[in-house]
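Asker: Provided below for reference: sequence and predicted model.
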Amino acid sequence: MSMGRKALLLLLLALAARRVSSRHLNELLEVSPASTTVSVDWGVVTAVSKTSATLQVVVNPLLRRESPVHDAMFESLAALQADYVRYVPWLPYPKLAVAELDPPSGELLCRMLSGETGNNESTTLSCGAGKISKIDFASFGNPTGRCGGLAVGNCHAQNSTDVVSGLCLGKAECVIPVNADVFGDPCPNDVKQFAVQVECTPAMNHTYWDFSVIDPMTEDFMNATSNHSTIINFSTIPAWLYKTSARVVYPDNPDRQANPAYTQGTDLVDPTGKDLGDYYGRLVSYYTQGGFTDEYGVEHKSGYHYDFPYWECLNEVESEHRNTPESYTMVYDAMVEGIRRHADPDRKMKFVGMALEGHHDYDWYRHFLNISNHASADIPLDIVSFHFYAGCSSRTDPTAYEQFFRRADGFIDECKEIIAIRDALSPHTLLDVDETGVILPNDNSPSSPMFPLIYYNAAGAMYAYLFGKLAEVGVEILGESQLVGYPELPELNLQPEFPSVAMLNWTNGLGNARYQVLKVLIENFSAGDKMLLTKVTQGATTGLDFCGYVINESVMSMQCTDPAATISRIVFASYGTVEGGSCGNYTVGACNAANSTAVVEKACLGRHQC
């Protein structure tokens, strides 16, 4: 496809999708805009695009192999053939995102269950080649504390130690069923937790690295994006690396969201950040170097030798752990150094920083992009990332979806400010808007009504609009968010996960309008394309009807889509009981105010809106 045809396709894609969102304002309203002429000056190149269209894949239970739509979803991902695909195991699902949920505990072996899954859990204790020689602590109820300092709460099964001793003492490995049938019920109607601490003979050190539920999704993601670049971001830091007043509890079930939030604490236990860097260095080594050596010198082999060309350091860092520009810069530097120390001694990996959630936070860019604020001049500033989500005033009224574009215009202006700061401080640094989308009101409320499907057309149109505009100003990467979202799915026991950001149908794994817009952009546009001088002109209105409908006493607002158009004729008006029909074919009912047409003519004729 020629460069001129590409420019024309992009323009028509944004216009067509936007017109669809206007034509379906509600079931009874059709808007026919003025005739539109698109002209391209094939000889005038206005810019050369640097922009790549891509997406982010956020980990959630529908991407697990147990999901009924797993295969279809990864097939849809592979079909996009995108570069710079962002992969984010993140905080709502700690077991899917954190590879070491509990800290190394030396010669003490501990297990703790949160109890949110009722009577269907068990836990396994293993001393390897040794045997369990001592039960230091056991409690079924509401134990408190951390490994090495566990304590009985105000709910405690008195037989806890006896049960564990009978199941485990003298054995190399044991499985403890954790339920009231085994321990009795010390506090009926309360959620019971469980904690146990034992020792092994001969003594051995214990860590809690566990990739068993993380590996399958990571394998599937890497297979679906093979031969394409990826940006990997295990964005959730183990909670035990932060100072907290108590142990941070996480769900035993990988599919359950953490409540309260898993990301607690502001200050690192190790203020230098080295422990944090070592965690991430070992994690990256596990996936890129075939394994890693843990805190006690024990080797953990994985067999993985994936190429991670880009690593992004955390996500929406202003809210997660309440970072400041200074504290985040320290964490970024520590993570870079840790990954290089364990997994990237040749320094081939590139790094992405910030992933900011907020807007107009220009001091963040000024601080982070100033290399003098980093640990050394060797710290790479390859890419900085930030996010944009439009919103609107109504979840279900498509007339509100026009607000997406006004908010997008404000974001485009913000990007221009960010580019100016980047150009002044670190001109080689690329810009990545790696989360772009819309979050409708009350999106994660189980009681929220489902939005009309035309929403996806409007949101897809906004992404196409942003792609064209940000290609003009020079943003290098624009990532649509996100591959998978869904409402509450009781049949799968899943809580809502931002259904309005979904690019795939959660019932069959196939792409919606947002997905299809992205696919068209990826297949037809790439960095290096020439952008041509293009003009859009609107002629006279076509004179086709548009309609509105209200029930009971209310206020109706009517507006021509063409800013230059006016209402020229009232074809039908009735205040009473409209018998039926559709726009262009209404009929008056038995009850009708005779002055209906006259009232509407007085209010609307000759006006752009009324």
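Answerer: Arrived safely. Numbers count the residues shown, from 1 in each chain.

Asker: helices along the stretch 401-550 of the chain, start to end?
Answerer: Listed in chain order, the helices of the stretch 401-550 of the chain (DSSP state H, counting those that start in this stretch) span 403-425, 454-473, 513-524.

Asker: show me where pLDDT drops low in the protein?
Answerer: 1-35, 116-120, 538-557, 561-564, 578-585 (pLDDT under 70).

Asker: hmm, 90 instead?
Answerer: 1-40, 46-47, 114-122, 179, 189-191, 249, 251-252, 259-261, 531-532, 534-610 (pLDDT under 90).

Asker: scan it for its longest strand.
Answerer: Across the chain, the longest stretch assigned as strand under DSSP state E is strand 36-48.

Asker: run me through the strand neighbours of it, direction for each.
Answerer: strand 530-538 (antiparallel) (DSSP bridges).

Asker: next SSE downstream of the partner strand?
Answerer: helix 596-604 (DSSP states H and E).

Asker: neighbouring contacts of that following helix?
Answerer: Residues from elsewhere that reach helix 596-604 (C-beta atoms under 8 Å, 6 or more residues apart in numbering): 558, 567, 570, 572-576, 593, 610. (Each C-beta comes from the backbone N, C-alpha and C, glycine too.)

Asker: dump the residues you listed to a markdown table, plus neighbour count.
Answerer: Output for those, formatted as a markdown table (neighbours: other C-beta atoms under 10 Å):
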| residue | neighbour count |
| --- | --- |
| Met558 | 17 |
| Ile567 | 20 |
| Ile570 | 16 |
| Phe572 | 17 |
| Ala573 | 18 |
| Ser574 | 18 |
| Tyr575 | 16 |
| Gly576 | 13 |
| Ala593 | 12 |
| Cys610 | 16 |
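
Asker: tell me which two of these sit farthest apart.
Answerer: Between any two of the contacts of helix 596-604, the greatest separation by C-beta to C-beta is 21.7 Å, found for Ile567 and Gly576.

Asker: in stretch 487-505, what counts as buried?
Answerer: By neighbour count on 16 or more other C-beta atoms under 10 Å, the buried set for stretch 487-505 is 487-489, 494-505.

Asker: still on that earlier bit, output the next helix-or-strand element following the longest strand of the chain as PDB, nothing but the C-alphas.
Answerer: Scanning forward in sequence from strand 36-48 by DSSP H and E, the next helix or strand is strand 52-58. Taking C-alpha atoms only, strand 52-58 is exported to PDB below (Å, rounded to 0.1, in the frame of the first residue of the first chain):
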ATOM      1  CA  SER A  52       4.100   1.900  16.300                       C
ATOM      2  CA  ALA A  53       0.600   0.700  17.300                       C
ATOM      3  CA  THR A  54       0.500  -2.100  19.900                       C
ATOM      4  CA  LEU A  55      -1.200  -3.300  23.000                       C
ATOM      5  CA  GLN A  56      -0.800  -4.400  26.600                       C
ATOM      6  CA  VAL A  57      -1.600  -7.900  27.900                       C
ATOM      7  CA  VAL A  58      -2.500  -7.700  31.600                       C
END
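
Asker: mind giving me the packing neighbours of strand 52-58?
Answerer: When contacts are defined as 3 or more C-beta pairs under 8 Å, 6 or more residues apart in numbering; DSSP states H and E, strand 52-58 sits against strand 85-88, strand 477-480, helix 513-524.

Asker: that strand: how far from the chain's middle?
Answerer: Chain-centre distance of strand 52-58: 10 Å, with C-alpha atoms, centre = their mean, to the nearest Å.

Asker: which residues sit against that strand?
Answerer: The contact list for strand 52-58 (C-beta under 8 Å, 6+ apart) reads 63, 77, 80, 82-88, 90, 221, 434-435, 467, 476-484, 503, 518, 521-522, 525-527.

Asker: which one of the buried residues of stretch 487-505 sits closest to Glu414?
Answerer: Val501 (20.2 Å).

Asker: how far away is that closest one from Gly589?
Answerer: 43 Å (C-beta to C-beta, to the nearest Å).

Asker: could you do Leu478 as well?
Answerer: Distance from Leu478 to Gly589, by C-beta to C-beta: 51 Å.

Asker: which of these two has more residues huddled nearby?
Answerer: Leu478 (25 against 12; other C-beta atoms under 10 Å).

Asker: can you name the residues bridging to the more buried one?
Answerer: With DSSP bridges as the criterion, Leu478 is bridged to Ala53, Val433.

Asker: correct me, but it touches Leu466?
Answerer: Yes - contact criterion C-beta atoms under 8 Å: Leu478 and Leu466 qualify, at 6.5 Å.

Asker: who touches both of those two?
Answerer: 433, 436.

Asker: my read: Pro94 touches Asp252, true?
Answerer: No - applying C-beta under 8 Å, one finds Pro94 not in contact with Asp252, separated by 10.2 Å.
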